[in-house]
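Undergrad: With the sequence up front, the predicted model follows.
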Amino acid sequence: MAKPTIGIGVVGFGLMGRVHTYAWRAIPLLYNGEPCHIRLVAVCDVNEQAAEAGREQGGFFFRTTDYRELVHHPEVQVVDICVPNRWHGEIIREALQAGKHVYCEKPLAYDYDEAKELAALARQAAAKGIKTQVVSEYRFFPATMKAKELAQNGFLGRLFHFRGCYLHSGYVDPNRPLEWRLRKEIIGGGVLVDLGPHLLDLMLWLLDGIDEPVAACGMTETFVKERPLPDDPTKKAPVEVDDAASALIRFRSGALGYVEFSRVATGTEDELRFEIHGDKGAIGFNLMEPNWLWVFDRTQPPSEWGFKKLSTVQKYPPPAAYPSPKFTLGWMRSHVHAQFSFLDAIVHDKPAKPDFDDALKVHQLIAAIYQSAQEQRWVSLPLAL
């Protein structure tokens, strides 16, 4: 049977648009031509120069400044959304109505209410064979895939703790301008909306079927209260989003969780790490050391106790063929595997994960943490409709 051809349209050619374009181009090389032929049909950016760069540098056949032209292009089957959060919803609605598969950067929506609407639309589209997936590249590291396998196979035993953080330092400088990631009307929140979805999705995914959050108690802080305006650094405006956030989480079993997020953690680069502790074992991962998974097996004789490093490097399952599994892993590789998995779901009619319902759970947890921080109390989950 001949392999199908799937046409890709990328909306937004900033940082993530470039990353996704790189991944679409790399899939045929790394997966030996599977699962389909890929055609880079269209790229869109409201900035005409960026749109032209997408056409010239990314290799797209067509460029536009109007996402509707891209969505309704007859050769585009996948709409890949790489624009700020505020505009996710309108593009998703247009694409699903047009019968296009949707691959969307995290978070799914501007806020929890919109996420509920979009998840419902995706369920309706799924009945017609339309696939939807939210970007969560950290599910697609061999180390985290191994952690998932161990957790689901009972390696941890009874869950005691989930402890995780995601730390950046990019906003330590108070003179960094008030860009879009610091504007609530565009992003919908602060670090909890920016970095939070990555770690919270990992937590929910790793513990799926094992345990689930039933309450959260959060706090947030904005350390830099005002920043220079991008178009006039002599003027400043207030910062309305959080620089840092943390939360205690209680799980249904009674297990305890702690999550922390910061964009002012001096000295960090891209520090996503987690530890999971149970009565039989423990698992640990640090994104800055992505080629390894730390494991502790308490079922072994006490003389054998101690954390051990499992080599995970680029041990992706077939049809991943290149590069060799022994070579060290880079961040971009996880995006390639995430996007391959989405195409594989389309071609072979398999579930695409994480889907919009998975993203909705993340939105709910973010909303609960914000509500808790604002009202200074524990908030129960699930939230009232």
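TA: Okay, I see it.
Undergrad: I'd guess Gly254 is in a helix, am I close?
TA: No - looking at Gly254 with DSSP: H, G, I helix; E, B strand; the rest coil, it is coil, so not inside a helix.
Undergrad: Could you give the number of residues near it?
TA: Applying other Cβ atoms under 10 Å, we find 11 residues neighbouring Gly254. Every C-beta, even on glycine, is put in place using the N, C-alpha and C of the backbone.
Undergrad: any idea how far it is from Ala215?
TA: Using Cβ to Cβ, to the nearest Å, Gly254 is found at 11 Å from Ala215.
Undergrad: Also Tyr103?
TA: Taken as Cβ to Cβ, the span from Tyr103 to Ala215 is 33 Å.
Undergrad: how about the helix or strand Arg93 falls within: buried residues?
TA: Following DSSP states H and E, the helix or strand that holds Arg93 is helix 88-97. By neighbour count on 16 or more other Cβ atoms under 10 Å, the buried set for helix 88-97 is His88, Gly89, Ile91, Ile92, Glu94, Ala95, Leu96.
Undergrad: For Val43, state which of these is nearest.
TA: The nearest member of those to Val43, counting by Cβ to Cβ, is Ile91 at 13.7 Å.
Undergrad: The closest one: what's it in contact with?
TA: Ile91 sits next to Val11, Tyr67, Val71, Val79, Ile81, Val83 when contact means Cβ atoms under 8 Å, 6 or more residues apart in numbering.
Undergrad: Would you mind measuring from it to Tyr67?
TA: Distance of Ile91 to Tyr67, given as Cβ to Cβ: 5 Å.
Undergrad: Now list whatever residues contact both of those two.
TA: Counting by Cβ under 8 Å, 6+ apart, the shared contacts of Ile91 and Tyr67 are Val11.
Undergrad: which SS state does Met203 fall under?
TA: Classification of Met203 using three-state DSSP returns helix.
Undergrad: Correct me if wrong: it contacts Tyr258.
TA: No - with contact defined as Cβ atoms under 8 Å, Met203 does not count as touching Tyr258 (10.6 Å).
Undergrad: Next, count neighbours for the residue nearest to Asp211 when sequence neighbours are not counted.
TA: Nearest residue to Asp211, sequence neighbours excluded (Cβ to Cβ, 6 or more residues apart in numbering): Phe251, at 4.4 Å. Taking other Cβ under 10 Å as the criterion, the count of residues near Phe251 is 20.
Undergrad: Kindly list the main-chain dihedrals of Phe251?
TA: Dihedral angles of Phe251 (phi, psi; degrees, to the nearest 10) stand at phi -100, psi 160.
Undergrad: And for Ala216?
TA: According to degrees, to the nearest 10, Ala216 has phi -140, psi 150.
Undergrad: Surely it touches Val379?
TA: Yes - with contact defined as Cβ under 8 Å, Ala216 reaches Val379; the gap is 5.6 Å.
Undergrad: quick one: common contacting residues for the two?
TA: Residues touching both Ala216 and Val379 (Cβ under 8 Å, 6+ apart): Ala368, Ile369, Ser372.
Undergrad: and of those, the nearest to Phe140?
TA: Nearest to Phe140 among the shared contacts of Ala216 and Val379, with distances taken as Cβ to Cβ, is Ile369, at 25.1 Å.
Undergrad: Which strand or helix spans the closest one?
TA: Using DSSP H and E, Ile369 maps to helix 356-375.
Undergrad: after that helix, next one along is what?
TA: That would be, after helix 356-375 and using DSSP H and E, strand 379-380.
Undergrad: contacting residues around that following strand?
TA: Strand 379-380 is contacted by residues Val214, Ala215, Ala216, Cys217, Gly218, Ala368, Ile369, Gln371, Ser372 when judged by Cβ under 8 Å, 6+ apart.
Undergrad: Can I have the buried ones of those residues as a ChimeraX selection?
TA: One line in ChimeraX is enough to select the buried ones among these; burial here means 16+ other Cβ under 10 Å:
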select :216,217,218,368,369,372
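Undergrad: if we take the contacts of strand 379-380, which one ends up nearest to Ser334?
TA: Ile369 (25.3 Å).
Undergrad: Could you report the separation of the closest one from Glu269?
TA: Using Cβ to Cβ, Ile369 is found at 24 Å from Glu269.
Undergrad: picking that back up, redo the contacts of strand 379-380 as CSV? Include distance to Glu240 and pLDDT.
TA: Output for the contacts of strand 379-380, formatted as CSV (distance: Cβ to Cβ, whole Å; pLDDT from 0 to 100):
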residue, distance to Glu240, pLDDT
Val214, 30, 98
Ala215, 27, 98
Ala216, 22, 98
Cys217, 23, 98
Gly218, 17, 98
Ala368, 20, 98
Ile369, 17, 98
Gln371, 17, 98
Ser372, 19, 98
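Undergrad: For Leu329, list the residues it contacts.
TA: Leu329 touches Phe141, Pro142, Pro290, Asn291, Thr312, Val313, Gln314, counting by Cβ under 8 Å, 6+ apart.
Undergrad: Run a quick neighbour tally on the first one.
TA: Meaning Phe141. Neighbour tally, Phe141, other Cβ under 10 Å: 25.
Undergrad: doesn't Thr312 make contact with it?
TA: Yes - contact criterion Cβ under 8 Å: Phe141 and Thr312 qualify, at 7.5 Å.
Undergrad: that older thread, following the helix holding Arg93, which helix or strand shows up next?
TA: Taking DSSP H and E, what comes next after helix 88-97 is strand 101-104.
Undergrad: Report the backbone C-alpha coordinates of that next one in PDB.
TA: The C-alpha trace of strand 101-104 is given here as PDB (Å, rounded to 0.1, in the frame of the first residue of the first chain):
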ATOM      1  CA  HIS A 101      -5.900  17.800  12.100                       C
ATOM      2  CA  VAL A 102      -4.400  20.200  14.800                       C
ATOM      3  CA  TYR A 103      -1.000  20.100  16.500                       C
ATOM      4  CA  CYS A 104      -0.900  23.000  19.000                       C
END
